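Visitor: sequence and predicted structure are below.
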Protein chains: 2
Amino acid sequence: MSATAEAPDLTPEFHAAAAPLRPGDHRVWSLIVTVFGDLARAEGAQIDGAALGRIMEAVGVRPEAMRVALHRLRKEGWIESRKAGRGAVHALTAEGRAQSEAAAPRIYAARPEVPERWFLAVGEGAVEAGAGEVQLAGNVVLSAVPAAGLAAGEVAEVPGWVKATLCSGALFDEAAALERALGAVKPPKRLAPLEVAALRALVVHSWRRVALRTPAVPARFMPEGWAGERCRALVVALLTALPRPEVGQI
Amino acid sequence: MSATAEAPDLTPEFHAAAAPLRPGDHRVWSLIVTVFGDLARAEGAQIDGAALGRIMEAVGVRPEAMRVALHRLRKEGWIESRKAGRGAVHALTAEGRAQSEAAAPRIYAARPEVPERWFLAVGEGAVEAGAGEVQLAGNVVLSAVPAAGLAAGEVAEVPGWVKATLCSGALFDEAAALERALGAVKPPKRLAPLEVAALRALVVHSWRRVALRTPAVPARFMPEGWAGERCRALVVALLTALPRPEVGQI
């Protein structure tokens, strides 16, 4: 049984909508990063400690777990907190905001922002995959911008073993399961801002795990039946149906 | 001193024209293959033993060396010989003719017959270069027709290390030396058919060594300063100036 049942101010409609996304089953640290990225990514944006606590409670996180995660996030430079009256106010650090900004297009874009031209890039010796590149062998990466000195050949399509390298069986299965889960989420018409914020956090966080592990390659390079792009479409539709609430109203 | 000096029926003009191509310095076995490929490649074509002996003498090969080479060529299935009067008549075998036909375009064509589209072809495991392919690494070949199952990327240009793989320093230097030698050959206006046949043999044989070791890739993949294509132009010009003689007149 998820911890959300303890939250008395949540409607049955919220619980029904959230259930497919399994509140209570997510990593707290990463859920908090998701909430800040979703609601308070802009410079100067912040979330009141009490509001954050209510969102976390709604997605099945106990207060003690949230405190531990916040402590770790502060220590690692993601979040900064300051006292405000009897409570605290939290915000992304400049570094946390930069990381969040960097990940946002891959999570929120309706169409994946993917280079169209890709190259097999072969080194005379070992080659290490850079950002956005995929290692295919010790001396070969798949790259949109091959480094100087590498032999580069433009790829039209890729064989099965490359697709399997781009998309592990685990990632493939996770995307398929996520498609089923997202398809089962029916956002009710009337939800409190807190409930909208919590549902958005569950949607974005579930998708984020898949989106950030998916290489930024054209869909034709992914295995037959890859559910990632259908997940993206479902996420976009859900987030449109659940407009971002004002943080002050949560 | 080359053995050609012993041939009393050769003109000084022939000796002057042949000198840059170093008669006497070539592998006999391969010279004979060259002569048959140049003068008697057609089905049913043959060369009289005496005429072959005169050509070999003109390019600096002693009769005993020719006999040993012919013996080996018969044993390896390249040449077949039959008695004719007091002497012998030699011809390519069907297999020898097939090999000779296969090599001819790369040796005689005025323009290299080279596929325009080339691919880096990467295997999940080891890949072995097939005919016309170049091994770049254990798992990578440069190929005009990549095998199924390989990841293939079309190559526009190649970096220096690929050029060095396509063309060894030894091949590069040999082509440069050949360009100088061929440029120094001034075919005289009047030569006997024997002299023409011998000069052609020296030209073709010298070029053949370079031509058959040169990968059939576009010129832009070869190292800067590669002399092979200039050699080809010189060879075509020399062979045009030295039209193939009738074998019966040698």
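Guide: Received, thanks. Since the model is a prediction, treat every value here as computed from it, not as a measurement. Residues are numbered from 1 along each chain as shown, chains lettered A, B, ... in the order given.
Visitor: for the closest residue to chain B within chain A, grab the count of nearby residues.
Guide: Using C-beta to the nearest C-beta, residue A:153 is the residue of chain A that sits closest to chain B, at 2.6 Å. Heads up, the C-betas are built off the backbone N, CA and C, glycines and all. Residues within reach of residue A:153, counting by other C-beta atoms under 10 Å in any protein chain shown, total 26.
Visitor: and residue A:84, what pLDDT?
Guide: Per-residue pLDDT puts residue A:84 at 89.
Visitor: same question, the one 10 residues further on
Guide: Among the per-residue scores, residue A:94 shows a pLDDT of 97.
Visitor: near it, how many other residues are there?
Guide: Counted with other C-beta under 10 Å, residue A:94 comes out at 11.
Visitor: one step back: is it true that the residue of chain A closest to chain B touches residue B:151?
Guide: No. Using C-beta atoms under 8 Å, residue A:153 is not in contact with residue B:151; the gap is 9.0 Å.
Visitor: what touches both of these two?
Guide: residue A:120 (C-beta atoms under 8 Å, 6 or more residues apart in numbering or on different chains).
Visitor: check which helices and strands the biggest helix by length in chain A is in contact with.
Guide: When chain A is parsed with DSSP state H, its longest helix is helix A:193-213. In this structure, helix A:193-213 makes packing contacts with helix A:12-18, helix A:28-39, helix A:49-58, helix A:94-108, helix A:169-184, helix A:228-241, judged by 3 or more C-beta pairs under 8 Å, 6 or more residues apart in numbering or on different chains; DSSP states H and E.
Visitor: between those helices, which one is closest to residue A:137.
Guide: For residue A:137, the closest of those is helix A:169-184, at 19.4 Å, according to C-beta to C-beta.
Visitor: flag every residue of chain A that's near chain B.
Guide: When proximity is defined by C-beta under 8 Å from any C-beta of the partner chain, chain A lies next to chain B at A:118-120, A:122, A:124, A:136-137, A:139-140, A:148-156, A:158-162.
Visitor: drop anything exposed from the residues you listed.
Guide: A:118-120, A:122, A:124, A:136-137, A:139-140, A:150-155, A:158-159, A:161-162 (16 or more other C-beta atoms under 10 Å in any protein chain shown).
Visitor: now, these that are in helices?
Guide: Per DSSP H, the subset of these in helices is A:161-162.
Visitor: out of the buried ones among the residues of chain A next to chain B, which sit inside strands?
Guide: Among those, DSSP state E puts A:119-120, A:122, A:136-137, A:140, A:151-155 in strands.
Visitor: would you turn those into a markdown table with distance to residue A:33?
Guide: What follows is those, written out as a markdown table (distance: C-beta to C-beta, whole Å):
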| residue | distance to residue A:33 |
| --- | --- |
| A:119 | 33 |
| A:120 | 35 |
| A:122 | 37 |
| A:136 | 31 |
| A:137 | 33 |
| A:140 | 33 |
| A:151 | 39 |
| A:152 | 36 |
| A:153 | 38 |
| A:154 | 37 |
| A:155 | 34 |
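Visitor: residue nearest the centroid of chain A?
Guide: By C-alpha atoms, centre = their mean, chain A has its centre lying nearest to residue A:208, at 1.9 Å.
Visitor: contact partners for that residue?
Guide: Contacts of residue A:208 by C-beta under 8 Å, 6+ apart are A:30, A:34, A:103, A:107.
Visitor: and it, how close does it get to residue A:132?
Guide: From residue A:208 across to residue A:132, the span is 18 Å (C-beta to C-beta, to the nearest Å).
Visitor: from residue A:144, how far off is residue A:210?
Guide: 21 Å.
Visitor: between the two, which one's more packed in?
Guide: Comparing residue A:210 with residue A:144 by other C-beta under 10 Å, the one with more neighbours is residue A:210, at 22 against 15.
Visitor: quick one, what contacts the residue lying closest to the more buried one once chain neighbours are set aside?
Guide: Among residues not flanking residue A:210 along the chain, residue A:175 sits closest, at 5.1 Å (C-beta to C-beta, 6 or more residues apart in numbering or on different chains). By C-beta under 8 Å, 6+ apart, residue A:175 lies in contact with A:210, A:214, A:226-228, A:231.
Visitor: same question for residue A:100.
Guide: Residue A:100 is in contact with A:33, A:36-37, A:41, A:92, counting by C-beta under 8 Å, 6+ apart.
Visitor: which among those residues count as buried?
Guide: With burial judged by 16+ other C-beta under 10 Å, the buried subset of the contacts of residue A:100 is A:33, A:36-37, A:92.
Visitor: and those as TSV, adding distance to residue A:218?
Guide: Formatted as TSV, the buried ones among the contacts of residue A:100 follow (distance: C-beta to C-beta, whole Å):
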residue	distance to residue A:218
A:33	28
A:36	31
A:37	26
A:92	32
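Visitor: buried ones in stretch A:217-228?
Guide: Judged by neighbour count using 16+ other C-beta under 10 Å, the buried positions of stretch A:217-228 are A:217, A:221-222, A:226-228.
Visitor: what does that stretch contact?
Guide: By C-beta under 8 Å, 6+ apart, stretch A:217-228 touches A:112, A:114, A:116, A:118, A:134, A:142, A:155, A:157-158, A:160, A:162-164, A:166-167, A:172, A:175-176, A:178-179, A:210-211, A:214-215, A:229.
Visitor: the residues you listed, buried ones only, as a PyMOL selection?
Guide: Buried residues within the contacts of stretch A:217-228, by 16+ other C-beta under 10 Å, are selected in PyMOL with:
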select buried, chain A and resi 112+114+118+134+142+155+158+162+163+166+167+172+175+176+178+179+210+211+214+215
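Visitor: where does chain A have low pLDDT?
Guide: Applying pLDDT under 70 to chain A flags residues A:1-8.
Visitor: give me the domain ranges for chain A.
Guide: By the assignment in automatic domain parsing, chain A contains the domains A:3-109+A:165-243, A:119-154.
Visitor: give me phi/psi at residue A:142?
Guide: When quoted as degrees, to the nearest 10, the phi and psi of residue A:142 stand at phi -90, psi 120.
Visitor: list the contacts for the nearest residue to it once chain neighbours are set aside?
Guide: Computed as C-beta to C-beta, 6+ apart, the closest residue to residue A:142 that is not its neighbour in sequence is residue A:134, at 4.3 Å. If a contact means C-beta under 8 Å, 6+ apart, then residue A:134 has A:141-143, A:165-166, A:215, A:217 as its contacts.
Visitor: can you redo these as a markdown table with secondary structure?
Guide: Below are those laid out as a markdown table (DSSP: H, G, I helix; E, B strand; the rest coil):
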| residue | secondary structure |
| --- | --- |
| A:141 | strand |
| A:142 | strand |
| A:143 | strand |
| A:165 | helix |
| A:166 | helix |
| A:215 | coil |
| A:217 | coil |
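Visitor: dump those to a markdown table, plus distance to residue B:183.
Guide: Output for those, formatted as a markdown table (distance: C-beta to C-beta, whole Å):
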| residue | distance to residue B:183 |
| --- | --- |
| A:141 | 45 |
| A:142 | 46 |
| A:143 | 44 |
| A:165 | 52 |
| A:166 | 53 |
| A:215 | 54 |
| A:217 | 52 |
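Visitor: farthest pair within the residues you listed?
Guide: Greatest spatial distance among the contacts of residue A:134 (C-beta to C-beta): A:143 and A:165, at 13.5 Å.
Visitor: look at those two and report which has more neighbours.
Guide: Between residue A:143 and residue A:165, residue A:143 has the larger neighbour count (other C-beta under 10 Å), namely 22 against 18.
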